[in-house]
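Enquirer: sequence and predicted structure are below.
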Amino acid sequence: MPCLTGSARPRASVGCTARGSYRPVVSSPYSKSTAVAAALSALDEGRTPERPVLREAVRSLLAGLAERAPGRSVEVRVPPYGAIQCVPGPRHTRGNPPNVVEMAPDTWLALATGRIGWAEAVTEGRIQVSGVRADLSAYLPL
């Protein structure tokens, strides 16, 4: 949403009161849920989901986690599709964060939708976890 103050300076420095993200809406909630369903269906059939579908599914579920656990103390990474910071606590700003959760896209889909549990995924080594705040079991499944 553009700032209507007429200044060329960034919105934060002008004092613009416009609400919302500076990023355009890329897709609707309907297409996100469709992407998640399509990706899960492909995985259930033993197929690899199409790259754009998998990317949209991962990103929409990451956004759901960010809404459910607002904060910046844990970084959740699902390479190559996305990463977010979430969970209340001390904010991390530079370098490698102390609390990191990283996993493959198919693991993230299964975890976020409740197809596997947090403890099971960690025990099987499907999730790499570091830091004392990196336990997301209280926020999953979405």
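Expert: Looks like it came in fine. Everything quoted here is computed from the prediction, not taken from an experiment.
Enquirer: burial count for residue 46?
Expert: Using other C-beta atoms under 10 Å, residue 46 has 6 neighbouring residues. C-beta: built from backbone N, CA, C; applies to glycine.
Enquirer: that one and residue 106, how far apart?
Expert: Applying C-beta to C-beta, to the nearest Å, the value for residue 46 to residue 106 is 12 Å.
Enquirer: show me the helices in this structure, by range?
Expert: Counting by DSSP state H, one finds helices in the chain at the ranges 11-14, 29-44, 51-68, 105-112, 118-123.
Enquirer: out of those, deepest packed?
Expert: Most buried of the helices of the chain, by mean neighbour count (mean count of other C-beta atoms under 10 Å): helix 105-112, with a mean of 22.
Enquirer: off-centre distance for it?
Expert: On the basis of C-alpha atoms, centre = their mean, to the nearest Å, helix 105-112 is displaced by 11 Å from the centre of the chain it belongs to.
Enquirer: try stretch 106-123
Expert: With C-alpha atoms, centre = their mean, you get 14 Å for stretch 106-123.
Enquirer: could I get the helices of the chain in a markdown table, plus columns for mean pLDDT?
Expert: As requested, these are exported to a markdown table (pLDDT from 0 to 100):
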| stretch | mean pLDDT |
| --- | --- |
| helix 11-14 | 45 |
| helix 29-44 | 81 |
| helix 51-68 | 94 |
| helix 105-112 | 96 |
| helix 118-123 | 96 |
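Enquirer: quick one: those helices as CSV, columns for distance to residue 93 too.
Expert: Listed next are the helices of the chain as CSV, based on distance: least, C-beta to C-beta, whole Å:
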stretch, distance to residue 93
helix 11-14, 16
helix 29-44, 29
helix 51-68, 17
helix 105-112, 25
helix 118-123, 27
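Enquirer: relative to residue 45, how far out is the residue sitting nearest the centre point of the chain?
Expert: Central residue of the chain (C-alpha atoms, centre = their mean): residue 62, 2.0 Å from the mean position. Relative to residue 45, residue 62 is positioned 24 Å away (C-beta to C-beta).
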